[in-house]
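Novice: coordinates for the following, if possible.
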Amino acid sequence: MRDQLERYRTYLVAERNASPYTVRNYIGEIEEFIAFAEAEGVTRWDQVDKALVRRWLATLRDQGYVSASIARRLSELRAFCTFLAREGVLRDNPLAGMASPRATRRQPRVLSYDEVVALLAAPDSSTPQGQRDRAILELLYGSGIRLGELEGLRVGDVDLARREARVLGKGNKERVALFGSRAEEALRQYLRDGRPRLANPRTGDALFLNRFGRRLGRVSIIRMINRYSKQAGIERKVTPHALRHSFATHLVDEGVDIRLIQEMLGHESPATTQRYTHVSQARLHEVVRQAHPRGRLSGNPDKEVSS
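Specialist: Residues are numbered from 1 along each chain as shown. Here you go, the predicted model:
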């Protein structure tokens, strides 16, 4: 079963041009299924059926996986079985027509503007690492780019004069992300002072460098943001994606057209961007309940008062 999985890895890289992150996730999660199947006495792909997969999904549910994660794993396994059928390993896809668990759409985690300000002020800009970290935080919040897009940036991808960054997004689609004056200022200081002190003769063109002069990885970026969020007094977990969500939601709050935000985020579907309007509506209701004199009355705030 694992031999076929290696063929699929080659297919994802060579023909689908999938990112290393996508390949790692797909292969790793299908390997989890293979381990489950082997424990159930299944050793060949033509022995896989819907009953086996349903038992696997039930095990995942018992382990505490949310519906979205379970649905993603089923989708990955279904796509793999389609590949096996196309390669002649299976006569047909045994999972065709198998319904995915209904995923509960979670609202994006959004920071308040005051929390963002505290987070951006946390790095020590007198050190090379602090200058780098401040530039990363300002760019994530100032442009809304994804973690993978930021990690892959090269020096030549950033145009400070135009306040633009050329990023490689999902599906290897290139787009231009825009950022503001604060991000420009932080990037300019990092490129002038911080990056030259982190670089060494073997350093390539990666924009953000670690202390060894190599490209700063996503795990280091996640840990860095978590460290500064605690330093800023933010009690909940802060991720790079939370900064992207905050970027979008704060633009909605300021009245920016949702279609422009869709373009800036690199969303193909307007529905993906539309959820940020729901977040803002929820925050608006909270403001009314807390601040408006009629919002503080006890009882059901949605019940209309009769005249």
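
Novice: which stretches in this structure count as strands?
Specialist: Applying DSSP state E to the chain gives strands spanning 158-159, 164-168, 174-178.

Novice: pairing partners for the first one, with directions?
Specialist: Going back to what we said before, that points to strand 158-159. Strand 158-159 sits in its sheet next to strand 164-168 (antiparallel), going by DSSP bridges.

Novice: for the partner strand, buried residues please.
Specialist: Judged by neighbour count (16 or more other Cβ atoms under 10 Å), strand 164-168 contains these buried residues: 164, 165, 167, 168. Placement of C-beta: from N, CA and C, glycine included.

Novice: now the helices: where do they sit in the chain?
Specialist: Applying DSSP state H to the chain gives helices spanning 2-14, 20-39, 50-62, 67-86, 113-120, 128-143, 147-151, 181-189, 195-198, 218-231, 240-253, 258-265, 270-291.

Novice: closest one to residue 159 among those helices?
Specialist: helix 181-189 (9.8 Å; Cβ to Cβ).

Novice: distance from the chain centre to that closest one, please.
Specialist: On the basis of Cα atoms, centre = their mean, to the nearest Å, helix 181-189 sits 23 Å off its chain's mean C-alpha point.

Novice: ok, stretch 5-17 next?
Specialist: On Cα atoms, centre = their mean, the centre of stretch 5-17 falls 23 Å from that of its chain.

Novice: flag the shaky bits of the chain, pLDDT-wise.
Specialist: Judged by pLDDT under 70, the chain has its weakly predicted residues at 102-108, 171, 258, 267-307.

Novice: which residue lies closest in space to the most centrally placed residue in it, excluding its sequence neighbours?
Specialist: Nearest to the geometric centre of the chain sits residue 241, at 5.0 Å (Cα atoms, centre = their mean). Distances taken as Cβ to Cβ, 6 or more residues apart in numbering place residue 147 nearest to residue 241, at 6.9 Å, with adjacent residues excluded.

Novice: separation between that neighbour and residue 213?
Specialist: For residue 147, the distance to residue 213 (Cβ to Cβ, to the nearest Å) stands at 21 Å.

Novice: looking at these two, which is more packed in?
Specialist: residue 147 (19 against 16; other Cβ atoms under 10 Å).

Novice: number of residues surrounding residue 196?
Specialist: 12.

Novice: measure it to residue 77 for me?
Specialist: Distance from residue 196 to residue 77, by Cβ to Cβ: 48 Å.

Novice: circling back to that earlier point, so which of the buried residues of strand 164-168 is the closest to residue 120?
Specialist: residue 165 (17.4 Å).

Novice: right, and the closest one touches residue 152 too?
Specialist: No: in this structure, residue 165 is not within contact of residue 152 by Cβ atoms under 8 Å, at 10.7 Å.

Novice: before we move on, back to that, tabulate the helices of the chain (JSON lines), appending distance to residue 160.
Specialist: Shown next, in JSON lines, are the helices of the chain (distance: least, Cβ to Cβ, whole Å):
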{"stretch": "helix 2-14", "distance to residue 160": "34"}
{"stretch": "helix 20-39", "distance to residue 160": "28"}
{"stretch": "helix 50-62", "distance to residue 160": "46"}
{"stretch": "helix 67-86", "distance to residue 160": "38"}
{"stretch": "helix 113-120", "distance to residue 160": "18"}
{"stretch": "helix 128-143", "distance to residue 160": "11"}
{"stretch": "helix 147-151", "distance to residue 160": "16"}
{"stretch": "helix 181-189", "distance to residue 160": "5"}
{"stretch": "helix 195-198", "distance to residue 160": "13"}
{"stretch": "helix 218-231", "distance to residue 160": "21"}
{"stretch": "helix 240-253", "distance to residue 160": "19"}
{"stretch": "helix 258-265", "distance to residue 160": "18"}
{"stretch": "helix 270-291", "distance to residue 160": "27"}
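
Novice: return the most buried member of those.
Specialist: The highest average neighbour count among those, using mean count of other Cβ atoms under 10 Å, belongs to helix 128-143 at a mean of 24.

Novice: check which helices and strands it sits against.
Specialist: helix 113-120, helix 147-151, helix 181-189, helix 195-198, helix 218-231, helix 240-253 (3 or more Cβ pairs under 8 Å, 6 or more residues apart in numbering; DSSP states H and E).

Novice: for it, output the C-alpha coordinates as CSV.
Specialist: Only the C-alpha atoms of helix 128-143 are listed here, as CSV (Å, rounded to 0.1, in the frame of the first residue of the first chain):
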residue,chain,number,x,y,z
PRO,A,128,18.7,42.4,14.0
GLN,A,129,16.2,39.7,15.1
GLY,A,130,13.9,42.3,16.5
GLN,A,131,14.0,44.3,13.3
ARG,A,132,13.3,41.1,11.3
ASP,A,133,10.4,40.2,13.6
ARG,A,134,8.9,43.6,13.5
ALA,A,135,9.0,43.6,9.7
ILE,A,136,7.4,40.1,9.6
LEU,A,137,4.5,41.2,12.0
GLU,A,138,4.0,44.5,10.1
LEU,A,139,3.9,42.7,6.8
LEU,A,140,1.6,39.9,7.9
TYR,A,141,-0.9,42.4,9.3
GLY,A,142,-0.3,45.2,6.7
SER,A,143,-0.8,43.0,3.7
